[in-house]
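*Asks:* Dropping the sequence and predicted coords here.
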Amino acid sequence: MSSSVAAQPAGKRKPRLAAIEYIRGISMMGVIGIHVGSQYLSNPAANPHLIALFEIFTRFSVPIFFFISAFGLFYNLDIHAPFNARHFYVRRIKTVLIPYLVWSVFYILHDSLLYGTGLPSPFYFCGLLFFGSAKYQLYFLVILLWFYLLMPLWIALVRRLTLRGLGVLFVLQVLFDYWSSFSVPFNLYVYGLPDDSLLKPLLMYRLNYWVLHYLFIFLLGGWLAVHIDAFHRFMQERRTAITVLFYLSMASLLGYYYALLAQGQTPLDGINTAHQLCPAGIFYTLMASLFFFTIFTYQRYPSVLNPALHLLGKHSYFAYLVHPLFITYLARFLEHRGIIMTGGLAIAFYCAVLLLSLAAAALCRRLGSALPLLNEATIGVYPKKRG
């Protein structure tokens, strides 16, 4: 969602990759779909196939952001040169930390007024910021900040990674995520902790800040960026295989979801099980990353779509951060009028949230030209220095 720039350019900057921008836009659309799907689930007669579209097909959306973030970081980075920590961290503070804090405070104030809950205590306020739970989409920025904080470690690992090492890492990722998501003894232990225990929230909200959940896809993005020439050859030579495996991976995750429904689970149970951290979900994320990068690099689609993809990518950061606001008020509008969200209405709801979020992003971006502080605070975009 946020633009990623390497810590320090090594000589001449490499050509811009439109694929990164386009994937960012597609992923933002997927995240909105997931959150709209949660609203649609309030209908007890919700169509399970439409839920699959909103909640299963889009499951690559969050982890693929870590892939393109790492790719952007490493693309213009000389991993064998000394790491310019000051330059790197100052830039991340501007582009991610400050917008994260601004949006967190905004949502805390907004929700306290809207729902009449009052302001949180200082201790609870700090907890909201630490876990990224001031609003349900903000946790992504918390994990991203942890990835940034540990950047020297990732550089050292990418230097030493081999293709075989990536294969081992993929297997370890599957095992770790399966343990974190599905281990009955571990989860019973977490939920059995006393409510006043400080350890309980640290473990319950582990998905909000444990980078280990997305370590493979992040390091894969960095490793492919460093080996960009070999990656280009791979995409050219294996384009058909990448496409076939992408659709097979999608079918495996959808098949898992439908198998759960066939066993008598509800759609809610199904999406809470067939998610991006289950084995099929990790495979789907891997293939989606390769597939979208390939088709956007080699234009395996009508070029007339490029302006729309550029627009989505350009405004994806702000749209990602603001879209819960529009979901909230559109949902309240329906609720106050006693309107049940049918399938057709859910699709219209999604389109409305997407268009309103993009319109708000474009408007604020334009206002930010006259009032730079607006762009600086909300999306970390600063005026270009002259000369």
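*Replies:* Sure, I can see it. Numbers count the residues shown, from 1 in each chain.
*Asks:* who's in contact with the nearest residue to Leu248 once chain neighbours are set aside?
*Replies:* Sequence neighbours aside, Met287 is the residue nearest to Leu248 in space, at 7.7 Å (criterion: C-beta to C-beta, 6 or more residues apart in numbering). For the C-beta atoms, the positions are set from N, CA and C on the backbone; glycine is no exception. Contacts for Met287 (C-beta atoms under 8 Å, 6 or more residues apart in numbering) come out as Ile242, Leu245, Phe246, Leu248, Ser249, Met250.
*Asks:* need those residues in a markdown table with distance to Phe186 and secondary structure, can you?
*Replies:* As requested, these are arranged in a markdown table below (distance: C-beta to C-beta, whole Å; DSSP: H, G, I helix; E, B strand; the rest coil):
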| residue | distance to Phe186 | secondary structure |
| --- | --- | --- |
| Ile242 | 35 | helix |
| Leu245 | 31 | helix |
| Phe246 | 32 | helix |
| Leu248 | 31 | helix |
| Ser249 | 27 | helix |
| Met250 | 29 | helix |
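*Asks:* Among the residues you listed, the buried ones, what's the ChimeraX command?
*Replies:* Applying 16 or more other C-beta atoms under 10 Å to those, the buried members can be selected in ChimeraX as follows:
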select :242,245,246,249,250
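*Asks:* Widest-spaced pair of the contacts of Met287?
*Replies:* Ile242 and Met250 (12.7 Å; C-beta to C-beta).
*Asks:* Surely Cys361 is in contact with Ala319?
*Replies:* No, residue 361 isn't Cys; it's Ala. Yes - the pair Ala361 / Ala319 is scored as a contact, 4.9 Å apart, by C-beta atoms under 8 Å.
*Asks:* Who has more neighbours out of those two?
*Replies:* Ala319 (28 against 25; other C-beta atoms under 10 Å).
*Asks:* What sits closest to the more buried one if chain neighbours are left out?
*Replies:* Nearest non-adjacent residue to Ala319, counting by C-beta to C-beta, 6+ apart: Ser357, 3.9 Å away.
*Asks:* secondary structure element for the one you found?
*Replies:* helix 343-370 (DSSP states H and E).
*Asks:* just checking, what packs against that helix?
*Replies:* helix 18-40, helix 48-55, helix 306-314, helix 316-336, helix 372-379 (3 or more C-beta pairs under 8 Å, 6 or more residues apart in numbering; DSSP states H and E).
*Asks:* what about Leu97, neighbour count?
*Replies:* The burial count for Leu97: 16, using other C-beta under 10 Å.
*Asks:* can you pull the contacts of it?
*Replies:* Leu97 neighbours (C-beta under 8 Å, 6+ apart): Leu145.
*Asks:* same thing with the one 10 residues further on?
*Replies:* Residues touching Tyr107, when contacts are defined by C-beta under 8 Å, 6+ apart, comprise Ala134, Lys135, Leu138, Pro324.
*Asks:* Would you agree the first one is in contact with Gly127?
*Replies:* No - the pair Ala134 / Gly127 is not scored as a contact, 9.9 Å apart, by C-beta under 8 Å.
*Asks:* Comparing those two, which shows the higher neighbour count?
*Replies:* It is Ala134, of Ala134 and Gly127, that has more neighbours when counted by other C-beta under 10 Å, with 24 against 17.
*Asks:* And Pro120, how close does it get to Leu128?
*Replies:* According to C-beta to C-beta, to the nearest Å, Pro120 and Leu128 sit 6 Å apart.
*Asks:* list residues touching both of these two?
*Replies:* By C-beta under 8 Å, 6+ apart, Pro120 and Leu128 have these common neighbours: Ile108.
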